[in-house]
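Novice: Got a predicted structure here, sequence first:
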Amino acid sequence: MDSKQSGTISLLQGNEAIVKGALAAGCRFFAGYPITPASEIAELMSINLPKVGGTFIQMEDEIAGIGAIIGASLAGVKSLTATSGPGFSLMQENLGFACITETPCVIVNVMRGGPSTGLPTSPGQGDVMQARWGTHGIHPIVVLSVSSVLDSFEITIHAFNISEKYRIPVIILSDEVVAHTRESITIPDQTGFEEVNRIKPSVPPEWYHPYEDNSRGVPPMASFGDGYRHHVTGLVHDVHGYPTQRVDEIDAFQRRQFRKITNGFYEIQMTKSTMLDDAEIAVIAYGSVSRSALRAIKMARERGIKAGLLHLITLFPFPRQTAEQVLRQCRAVLVPEMNLGQISREVKRVNLSSKIEKINRIDGQLITPEEIFKKLLEM
Amino acid sequence: MEEKMMAESARLRHEYLRHDKKFPHVWCPGCGIGIVLGSLIRAIDSLGLDKDELVLASGIGCSGRLPVYVDFNTIHTTHGRALTFATGIKLANPSLTVMTVMGDGDATAIGGNHFIHAARRNLNLTAIIINNQIYGMTGGQYSPTTPYGSNSATSVYGHIEHAFSIAELAVTAGASYVARGTVYHVPALDKLIARGIEKEGFSVIEIMSNCHTQYGRRNKMPDPVTMMKWFRDQAVSVSRAAKMEAAELEGKFTIGILADRDKPSYTSEYQHIREQALHQEKKK
Ligand SMILES: Cc1ncc(C[n+]2csc(CCOP(=O)(O)OP(=O)(O)O)c2C)c(N)n1
Ligand code: SF4
């Protein structure tokens, strides 16, 4: 999406931009439970959804919030919920239900310090691995991160589009700094958006097999009420959606889940490269830390150090190919994170020869450009 | 007479059960859940509802396995959460008739919070709760409705907790319609369910049902017939109970309609919200 096209200039917080992005992407249902620093998303949805014929509901807890958005999506309406650490923990079981039933939906986790009630008003990046592996069992998932107000708007649209196209829940990881920072952005005119909708079945109802494989690995999805009566279950199921114990059906089902995402790597794995062309050392960062990193590599360049930045938007599926290129090219790579090393593990996993350095802060404070710059000088 | 009944049964099975879902079903022979399935189908048939517009959601448990057999839009969700999914479905498409079927543990232990809030919210949903007083699927551990003093896999020394009355809980929480029936009083049950589906607002039908395998076996009622007799002898109609002393009602339960009241449902209220929001937007 070209963010420089014509539109309205607005001064927004990250959370507000997520709401604008969701509405622009066609989201018409929100269910959730209040929690700092995510509550503004629910509040703004409660104001804006009824104006566009959508529905907002405040549920009794986050388990109910995600249950309701999965239900709404099965009835054909694009749906969002938003929370922070404690609520995200509660959502994990139903998140797995969305995975196994391939129900599109978007879940925002505005990360704060944890575990438990932790640091409610400080940023953190401690939930990265939880976003990937929090629900039990093998499953693919898409995890995107936002680093700015503009990102919060644009990436939310991407999140809905990916979710619809691949029939998969998409998690957006924001953090307290992004959520509450005000920046002015240009919201492009409606016509500027690409809005992707799930593919509906085109066969007559008696021919419809809701979980049948095809070349993309993404079966067309009928909504409840469309005349395609079918069964949806959290048990591993056959192509009809009925529970199965057949080894061949189980294997085929599980593998299709991964294949459909692998097929889409080219568009799901989003990164932004800055000054990487001739870089000898690089920073790989995401979320608000990538903003500090951007500043730091510029400071390094001013000193004649050939530093570059790989800003990860997609955290999972981990953009391996792009990361490998950077790792091959640079003699050392720095991964700063507001945790003790979660994405750095992914970087190490795909690394062959580079030296990998880390900066970790877990005191509820943002990693500063100076900290990153100082480390770059040592590398 | 018998021939006519068989023909009627064949018609209902043909019309409402899935043809591509092969029986036998998962339940023990004689389980009350099958009787509930029959009642539900007859209730829906009596209302003449379009199958394309019907949604049946369940949680996890023996009762949770019911939806897969019926030819509606069906969803077998997570343990205790059927009402949360049903809430989303109903709000996303209010023209659908959305029902849930839950077990006693499903609805009032792990899902208890969702249950009382759904009743309070008065969303137009029908909740059928199959109360077999035990956790059937996991092997007979006690549930929130296991009677005081009875035996279960986790209360072999006698149960020391007191049981919930599901229907009364629903009345207090604000449901528009609350009824209790049993798998012994079947013609009455068909009507209680039909009335619940028809009713605008949140409807609860609690159904006393036999799990002879897990509950009866441990409590001197090892077969379906003994349990049926127990339902017959313990059930007192709401109207008769009103004339009885509390002491006489000890150990018994009421059947019939416990509440049938009119309150605006959530979906109609939300429509006003939309109109108000639009109106304010236009004024700007
Ligand atoms: C989160 C979670 N905890 C525990 C279970 C295991 N479990 C499955 S069914 C069940 C209880 C079933 O009892 P009830 O809800 O009364 O239904 P019934 O089987 O008697 O119909 C339990 C505890 C589960 N599936 N999910
Ligand atoms: S265990 Fe009990 S509830 Fe489950 S099928 Fe058997 S009799 Fe029915």
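Specialist: Arrived safely. Ligands and ions are numbered 1, 2, ... in the order given.

Novice: what about the strands in the stretch 251-379 of chain A?
Specialist: A:271-274, A:281-285, A:307-312, A:314-316, A:332-337, A:355-360 (DSSP state E, counting those that start in this stretch).

Novice: what's the single longest helix in the chain?
Specialist: In the absence of a named chain, chain A is used. helix A:149-166 (DSSP state H).

Novice: let's do chain B instead
Specialist: helix B:266-283.

Novice: ok, and for that one, which residues are buried?
Specialist: Using 16 or more other C-beta atoms under 10 Å in any protein chain shown as the test for burial, helix B:266-283 gives B:266, B:267, B:270, B:274, B:277. Just so you know, the C-beta spots here come from the backbone N, C-alpha and C atoms, and that holds for glycine as well.

Novice: Show me which of those has the smallest pLDDT value.
Specialist: Ranked by pLDDT, the buried residues of helix B:266-283 bottom out at residue B:267, which has 89.

Novice: just to revisit the earlier point, for the longest helix of chain A, name the packing helices and strands.
Specialist: strand A:7-13, helix A:14-24, strand A:105-113, strand A:142-145, strand A:169-175, helix A:176-180, strand A:182-188, helix A:265-268 (3 or more C-beta pairs under 8 Å, 6 or more residues apart in numbering or on different chains; DSSP states H and E).

Novice: okay, the angle between that helix and strand A:169-175?
Specialist: 170 degrees (axes from the mean of the first three to the mean of the last three C-alpha atoms, to 10 degrees).

Novice: And the average pLDDT for helix A:149-166 is what?
Specialist: On average, helix A:149-166 scores 97.

Novice: Next: stretch A:222-241.
Specialist: On average, stretch A:222-241 scores 97.

Novice: Can it be said to contact ligand 1?
Specialist: No - Stretch A:222-241 lies apart from ligand 1 when judged by C-beta under 6 Å from any ligand atom; the minimum separation is 9.1 Å.

Novice: mind listing what's buried in that stretch?
Specialist: Neighbour-count burial for stretch A:222-241, counted by 16+ other C-beta under 10 Å, picks out A:222-226, A:228-238, A:240-241.

Novice: Mind jotting down where the helices sit in the stretch 201-350 of chain A?
Specialist: Taking DSSP state H, counting those that start in this stretch to define them, one finds helices in the stretch 201-350 of chain A at A:247-262, A:265-268, A:288-302, A:320-329, A:343-350.

Novice: Point out the one among the ones you listed that comes closest to chain B.
Specialist: Closest to chain B of the helices of the stretch 201-350 of chain A, according to C-beta to the nearest C-beta: helix A:247-262, at 14.5 Å.

Novice: Tell me which residue lies nearest the centroid of the chain.
Specialist: I went with chain A, as the question did not name one. Taking C-alpha atoms, centre = their mean as the criterion, residue A:144 is the residue nearest the geometric centre of chain A, at 2.6 Å.

Novice: please go with chain B instead
Specialist: Geometric middle of chain B (C-alpha atoms, centre = their mean) lands on residue B:128, at 1.6 Å.

Novice: Pairing partners for that one in the sheet, please.
Specialist: Per DSSP bridges, the residues bridged to residue B:128 are residue B:101, residue B:205.

Novice: that older thread, can you pull the contacts of the residue nearest to the centre of chain A?
Specialist: Residues near residue A:144 by C-beta atoms under 8 Å, 6 or more residues apart in numbering or on different chains: A:155, A:158, A:159, A:162, A:170, A:171, A:172, A:173, A:270, A:313, A:314, A:315.

Novice: number of nearby residues for the residue in chain A that ligand 2 sits nearest to?
Specialist: Per C-beta to the nearest ligand atom, residue A:243 is where chain A lies closest to ligand 2, at 15.3 Å. Residue A:243 has 17 neighbours, counted by other C-beta atoms under 10 Å in any protein chain shown.

Novice: For residue A:110, which of the strands of the stretch 251-379 of chain A is the nearest?
Specialist: Residue A:110 sits nearest to strand A:314-316 of all these, at 15.2 Å, using C-beta to C-beta.

Novice: Could you name the helices and strands sitting against the closest one?
Specialist: helix A:128-133, strand A:142-145.

Novice: so which of these comes closest to residue B:84?
Specialist: Across the helices and strands packed on strand A:314-316, closest to residue B:84 is helix A:128-133 (C-beta to C-beta), at 21.3 Å.

Novice: Many thanks, have a good one.
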